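Peer 1: sequence plus predicted model, see below.
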Amino acid sequence: MTIPKISVQNPVLSNLLMILIIVFGVFAWIKLPRDLAPEITIYSARIITFYPGASPEEVEKLITAPIERSIEGIDQIDLVISTSSEGRSEITVQFEDMSDREFDKRLQDLQTAVDRVQDLPEQLPDDPEVIEVEISSRIPLITVAIAGQTDESAMKKIAENLKDAILLIPDIADVRLVGVRDRQIWVEVDPDRLKAHNLPIDQIIVALRGRNLNLPAGTLEVGSSEFLVRTMGEFGNLNDIKDTIIKVKPAGTPLRISDVADVSHRYEKPLTLSNLKGFRSISLTPQKKSKGNTIKLVDQIRTLTEDFKKNLPSGVDIVLMNDYSVILRERIGILQNNAILGLILVVILLYVFMGLRNAIFAALGIPVSFLATFWFLNQIGQGLNGPSLFGLILVIGIVVDDAIVVIENTFRHIQEGMSPKDAAILGAEEVGWPVLTASLTTIAAFGPLMFMSGTSGQFMRIVPITAIAVILASLVEVFMILPSHVAEWGKRHDASNPRQIWFERVRQRYMVVLRKTLRWRYFIVISVVLFAVIVSWTAFLLLDKELFPGEDFPQFTLKVEMPISFGIKETSEAMKKIEQQVISPPGNEEIIAVITNVGLHTPTTVMQSSSMRSNIAELTVELVPKYDSRRKRTTDQIIDNLRERLKDFSGPGNILFTKMEGGPPQGKDVEVKIKGKRFETLREIASLLKSKLRQIDGVSEIQDDFRLGKPEIRIRVKQEKAYQYGLSVFQIAHSVRNALEGNTCTTYRDADEAIDVIVKYNTKSLKTVKELSNLLITTPMGVVIPLRDVAEINEENGYAEIHRFENKRSITVSATVDKEQISAFDVNQKLIQEFSDIEPLYPGYQLDFRGIFDQIQESFRELIKLFMVGILLMYAILGTQFKSFLQPFIIMFAVPFGVIGAMVGLLCIGAALSIIAMFGIVALSGIVVNDAIVLIDFINKRRSENRDVTEAIIIGSGLRLRPIILTSVTTISGLVPMAIGLGGKSPIWVPLAYIIIFGLFFSTLMTLFVMPNLYAITDDIGNFFRRFRQ
């Protein structure tokens, strides 16, 4: 007994199945986590080594290069980059895609290779540390910024209370605080008073550690009682610290801390500063658990902060920024609105062709298939995000197609006088294998895409998973649920129905035209093939290429670099002026908030780490959503306007604008790494690259990452002299650092807070090289000597950092491209052509094009390979179904015509060829092949009735005219609202809609007129070989 027969004979079972799908699907829809993007795992590790006092050149030569050579032979390493800076080596190793278990093995191999390095400096304070880098694409839900006119301790208390409240919300994993400084107690030593008492700073540290104790000593029995014994010496207040005795003078007078140092409450020295509305700010960034619903959690945080505001002191305010649920709501809203409008259009068209009941039967497949898919996604731990929504959109046309093919064939049998019950069984059984084959070929096209590697592969992997789930759910609905509904609710044939009369006329005219084209079949097929080759090649050359379409996210960042001599205060003052430019009219009504972080650059790519320098800053601008009436311009227009206004702004060395992209982190538009030995030559090549970039219209923010360091006071230890005193380089460097930066010698407990006690020199007394040279150092024998006795001190300039790429020194030249004028792909191509002869001119130096260009090439190459694997699988399925080597070629002839139509569609709206577009083309291939499969199947069935090939082609094509037109017209009409933005426009959905609309239009014409001619030609070829064998 077939599945359609079971469905018709047991309608209760079919309806129960549908009810279960709806119930479980609705519950899954409610529970599904909502995210802007799926989580991405990048297998990466860092090797960090500290070498106090060493210059970047020494760090590179003695640490970075030897470690890089040692790890070179480890399997599955994709990329190695390193940075050598003052006293620090950082090597980042990125591995290829692998399992978690394999990554653990590679980490062990990395540790073994590092341990194998024998010639590292003996003075290293610690061995090189290998740490796993947890790089996740998880985006914070929202940023909660607190700012106002109140003291820092009160602000910190407010932030901590709000953090505790947010953590009570279910599904909140963590809340990160930025801009909070810990309280400290500074013991600022006067060098002159120390010298007068012949005291090293180390003796003060020892005295404080020895005094601040609260130590249990055991128990003591006194009579019949037992007492706990405890030695009490903990600091109770600031005076206890001041009164700590360092030593007793010869006269018997104690020398106390207060005699040689000032003791005061302070906050830790700021490495970064955060400002909002001109006031110091603290930011909270909540992170959700993997199962959390972004939209629901953001709503809860908003409600919580509104209530929290009511109890804030006067002058303190809370501003909510970076609300990523706005973008997610917009995406889901656009999808829902356009899907509803498209569904209405589909029902109207199906009503015109087949009546209201059949229209409802066909449309019912979409919600049932989607709800089943929601249940599946929930079961495998996936959520609703951009790529999964994209997967749903891709296969809407396929779901409707399957239902239309079955309903139309059933409807035809009813027209021929069959009862709805018998017609439902026969109609589904007759097209069962073709529909199943069509679904399997689409699954074959999508399946290989699950194995796409890299960041883009992880980001898009859920697309084919979602699409395949929808297709399988659609098959269940079409064969198990739909026949029951048609049999139970379908109407008997009404010959007077005007819909049947007019379409019969159309069918007869089509058959007349088709008969005429068959006489010219060779001319028609050859002409169409030549036309296809010319159009496809021209369209491919004209189309821009990009990784992911840009979206108008309501946020952007200015990354500012001031002159190297700027300290954090000077940078902060300069940023206030830039902030005034940003918020000044015109357009300030489009800005919600501006927050400035001084001393920090957050990474723009997954391989970067945060940069912290006193002369850098970043300013994040939060805009009102694009649907808000106050918003007059796009994010790109606002950036262009600001870039022009800040072009001649004095002070900054570089200003770089960055904004969120529509996919995973992609790198820069132009990112060229120059590799070689000598920085002089590297800088020369970098200058040539920058000069060429300046000649290309639409290219801005041209810069490189080579930086000279700040003027340095370099202390070079006299090795022999130091050895005589028993001192190592590390001990000397540690003593100097303790004097300047301070030493955390003990902890003072104030209520529930642990406060570090820092001993350091009063820096007002260390303003010259001479004063630094008089710094007292204690030898292991207890002798106190000045620093000048064991070290030379000079003022020098050096490199701030030395970057290496794939084991060679490197300088990276980067730039931003205005996509309205030229694509990033074309700019990189121009550079490749211009500098193709770089190695003959500069032997030993190479250019490596990275960033978006590298990712586009890598992703497109892999997509094409996977698409070809899909095509081979489709051919195998079709060959098995039709038991023929030639007929699969006829069916798959529809694919290139669909691709041509897709590229023409992209050209019409000026969109680029992206990964999103490539996935759309895969979906299109499944749709266009579906019609062709059923057409060839019906022609074959007419042939099996011993009809002449011409008659079989004409009759079979005539019978399939209505379903082919119906599936094409309904799919196109369902996407029209999305294409023209009736329910809201999206830079992702609009190109996708045009791809399927144009591709389907071209392929439908080809299916109706070219494919029958191609069938006739293959029959001619078969006849020729049969005669030849005879």
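Peer 2: Perfect, thanks for sending it.
Peer 1: so for the nearest residue to F451 once chain neighbours are set aside, what's the pLDDT?
Peer 2: Among residues not flanking F451 along the chain, L866 sits closest, at 6.7 Å (CB to CB, 6 or more residues apart in numbering). The way it works is simple: take the backbone N, C-alpha and C, and place the C-beta from them, glycine included. As predicted, L866 sits at a pLDDT of 89.
Peer 1: what of the one 5 residues further on?
Peer 2: We have a pLDDT of 89 for I871.
Peer 1: can you tell me the SS state at it?
Peer 2: For I871, the assignment made with DSSP: H, G, I helix; E, B strand; the rest coil gives helix.
Peer 1: pretty sure it contacts V895?
Peer 2: Yes. With contacts counted by CB atoms under 8 Å, I871 reaches V895, the gap being 7.4 Å.
Peer 1: looking at these two, which is more packed in?
Peer 2: V895 (23 against 17; other CB atoms under 10 Å).
Peer 1: picking that back up, quick one, what contacts the residue nearest to F451?
Peer 2: P448, L449, F451, M452 (CB atoms under 8 Å, 6 or more residues apart in numbering).
Peer 1: for the stretch 551-700 of the chain, what spans make up the strands?
Peer 2: With DSSP state E, counting those that start in this stretch as the criterion, the stretch 551-700 of the chain has strands at 555-561, 591-598, 616-623, 654-659, 670-676, 699-704.
Peer 1: partner strands of the fifth one and their direction?
Peer 2: Looking back up the chat, that one is strand 670-676. strand 808-817 (antiparallel), strand 846-850 (antiparallel) (DSSP bridges).
Peer 1: do the same with the first one
Peer 2: Paired with strand 555-561 in the same sheet, following DSSP bridges, are strand 616-623 (antiparallel), strand 654-659 (antiparallel).
Peer 1: for the longest one, what is the distance to the chain centroid?
Peer 2: Taking CA atoms, centre = their mean, to the nearest Å, the mean C-alpha location of strand 616-623 is offset from the chain mean by 20 Å.
Peer 1: with the last one instead?
Peer 2: Centroid separation for strand 654-659 versus its chain: 19 Å, with CA atoms, centre = their mean.
Peer 1: got the angle for it vs strand 699-704?
Peer 2: 120 degrees (axes from the mean of the first three to the mean of the last three CA atoms, to 10 degrees).
Peer 1: buried stuff in strand 654-659?
Peer 2: Neighbour counts over strand 654-659 (16 or more other CB atoms under 10 Å) mark I655, L656, F657, T658, K659 as buried.
Peer 1: circling back to that earlier point, what's the closest of the strands of the stretch 551-700 of the chain to D109?
Peer 2: Nearest to D109 among these is strand 670-676 (24.9 Å), distances taken as CB to CB.
Peer 1: export that closest one to CSV, keeping only CA atoms.
Peer 2: Provided in CSV are the C-alpha atoms of strand 670-676 (Å, rounded to 0.1, in the frame of the first residue of the first chain):
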residue,chain,number,x,y,z
VAL,A,670,42.3,46.1,1.0
GLU,A,671,44.8,44.3,3.1
VAL,A,672,48.2,43.6,1.5
LYS,A,673,50.9,42.0,3.6
ILE,A,674,54.5,42.7,2.4
LYS,A,675,56.9,40.1,3.5
GLY,A,676,60.7,40.3,3.6
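Peer 1: what's the mean pLDDT across that strand?
Peer 2: pLDDT averaged over strand 670-676 gives 93.
Peer 1: what does the domain assignment say about the protein?
Peer 2: As given by automatic domain parsing, the domain ranges for the chain are 3-36+327-548+856-1029, 552-658.
Peer 1: dump the ones you listed to CSV, plus distance to L124.
Peer 2: Formatted as CSV, those follow (distance: least, CB to CB, whole Å):
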stretch, distance to L124
domain 3-36+327-548+856-1029, 34
domain 552-658, 21
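Peer 1: which of these sits most buried?
Peer 2: Of all those, domain 3-36+327-548+856-1029 carries the top mean neighbour count, a mean of 20, counting by mean count of other CB atoms under 10 Å.
Peer 1: distance between that domain and the chain's centre?
Peer 2: The chain centroid and the centroid of domain 3-36+327-548+856-1029 are separated by 31 Å under CA atoms, centre = their mean.
Peer 1: what comes up buried for the helix or strand encompassing S82?
Peer 2: Assigning secondary structure by DSSP states H and E places S82 in strand 77-85. Within strand 77-85, the residues that count as buried by 16+ other CB under 10 Å are I77, V80, I81, S82, T83, S84, S85.
Peer 1: could you give the average pLDDT over the next helix or strand after that strand?
Peer 2: Going down the chain from strand 77-85, the next helix or strand is strand 88-95, by DSSP H and E. For strand 88-95, the mean pLDDT works out to 90.
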